[in-house]
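Chemist: return a 3D structure for these sequence lines:
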Amino acid sequence: MDAQHDELEGAIAFSVQLSQLQQGLAFNLRLNSQAHQMAAAYFAIAVDHREGLLLLVRAGAYSPAFALVRSIYEALMRGTWAYFCAPEDQCKHAYKTGVLPKFDTIVQRLDKLEKSKGVFGRSRDLAWASYCDFAHGLMRQVTRWIAPDAIRPQHNPEEVADLLTIADAHYLQALIAMAWIAEQPRDGMQAAQEELLRRFRERKAGKAQESPGSAD
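Modeler: You can find the predicted model right below:
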């Protein structure tokens, strides 16, 4: 368990380091297109939600942290849709009425983009059910509060570290999109993506070596 706590502390420290990447990034963009304004706002929301998730993890409030990852992911996907797919008249209608397409419709539109190769739909299929479960307080949340002797939090430090990795991945995607819209350098953010992936693979490789099945 001490090793798992060390792993979580390392993930938190790396997340805090990643937060510095947004300093100096211009969010006060003047964009003529309402679709692009909406996209920039959604990417900024994703970044802000991830900062909130990190604060919650550092405070030990794991249930709301797990619930928040869906909001990060959805803001990222909606921002991508607004920038690449949303007709200007649909965005104007959304500003006027507050009505936006359903999430599945947005994913379908994204998968029709040239060279998307269905990556958005696969992403949704992989993550959406668990994200919604945590967001709505369903059984993934409930079972993490039922201990053999009491009702108390049962979040494994390793899965909290994984949560930070997922949130950080979405965060970096949103930051890169913001920097791209703002025509600002993205090299540091892309390098951070590579380091995040390297650290994740290293952690998982270490766990595989520790498993009984890997023993000679």
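
Chemist: rest of the way, CA atoms for contacts and neighbours
Modeler: Noted.

Chemist: hang on, residue 100 packs against residue 94?
Modeler: Yes - Residue 100 lies in contact with residue 94 (CA atoms under 8 Å); the separation is 5.7 Å.

Chemist: is it true that residue 47 touches residue 72?
Modeler: Yes - between residue 47 and residue 72 there is a contact at 7.4 Å, judged by CA under 8 Å.

Chemist: which elements pack onto the one helix or strand in the chain whose mean pLDDT sits lowest?
Modeler: One helix or strand of the chain scores below all others by mean pLDDT, DSSP states H and E: helix 187-210, with a mean of 83. Contacts defined by 3 or more CA pairs under 8 Å, 6 or more residues apart in numbering; DSSP states H and E place helix 187-210 against helix 157-181.

Chemist: for the helix it packs on, what is the average pLDDT?
Modeler: In this model, helix 157-181 carries a mean pLDDT of 93.

Chemist: now swap in stretch 134-153 and tell me
Modeler: What stretch 134-153 shows for mean pLDDT is 96.

Chemist: in it, which residues are buried?
Modeler: Using 16 or more other CA atoms under 10 Å as the burial criterion, the residues of stretch 134-153 that qualify are 134, 135, 140, 141, 144, 153.

Chemist: in which helix or strand would I find the third one?
Modeler: Right, the one you point to is residue 140. helix 139-143 (DSSP states H and E).

Chemist: what comes into contact with that helix?
Modeler: Identification of contacts with helix 139-143 by CA atoms under 8 Å, 6 or more residues apart in numbering yields 63, 130, 133, 134.

Chemist: C-alpha coordinates for that helix, PDB please?
Modeler: What follows is helix 139-143 as a C-alpha-only set of coordinates in PDB (Å, rounded to 0.1, in the frame of the first residue of the first chain):
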ATOM      1  CA  MET A 139     -22.700   1.500  -8.600                       C
ATOM      2  CA  ARG A 140     -19.100   2.400  -9.400                       C
ATOM      3  CA  GLN A 141     -19.400   5.200  -6.800                       C
ATOM      4  CA  VAL A 142     -21.500   3.200  -4.300                       C
ATOM      5  CA  THR A 143     -19.200   0.200  -4.200                       C
END
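
Chemist: run the chain-centre distance for it.
Modeler: Computed by CA atoms, centre = their mean, to the nearest Å, the chain-centroid distance of helix 139-143 equals 20 Å.

Chemist: again, but for stretch 56-75
Modeler: For stretch 56-75, the distance to the chain centre is 9 Å (CA atoms, centre = their mean).

Chemist: only alpha carbons, please: show that stretch as PDB.
Modeler: Extracted in PDB, the C-alpha atoms of stretch 56-75 (Å, rounded to 0.1, in the frame of the first residue of the first chain):
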ATOM      1  CA  LEU A  56     -10.400  17.600  -5.200                       C
ATOM      2  CA  VAL A  57      -7.800  14.800  -5.400                       C
ATOM      3  CA  ARG A  58      -5.300  16.800  -3.400                       C
ATOM      4  CA  ALA A  59      -8.000  17.300  -0.800                       C
ATOM      5  CA  GLY A  60      -8.800  13.600  -0.600                       C
ATOM      6  CA  ALA A  61     -12.400  14.200  -2.000                       C
ATOM      7  CA  TYR A  62     -12.200  11.300  -4.500                       C
ATOM      8  CA  SER A  63     -16.000  10.800  -5.200                       C
ATOM      9  CA  PRO A  64     -16.500  14.200  -6.700                       C
ATOM     10  CA  ALA A  65     -13.200  13.900  -8.500                       C
ATOM     11  CA  PHE A  66     -14.300  10.800 -10.300                       C
ATOM     12  CA  ALA A  67     -17.600  12.400 -11.000                       C
ATOM     13  CA  LEU A  68     -16.000  15.400 -12.700                       C
ATOM     14  CA  VAL A  69     -14.000  13.500 -15.300                       C
ATOM     15  CA  ARG A  70     -17.100  13.200 -17.500                       C
ATOM     16  CA  SER A  71     -17.500  17.000 -17.600                       C
ATOM     17  CA  ILE A  72     -13.900  17.300 -18.700                       C
ATOM     18  CA  TYR A  73     -14.300  14.700 -21.500                       C
ATOM     19  CA  GLU A  74     -17.600  16.100 -22.700                       C
ATOM     20  CA  ALA A  75     -16.400  19.700 -22.800                       C
END
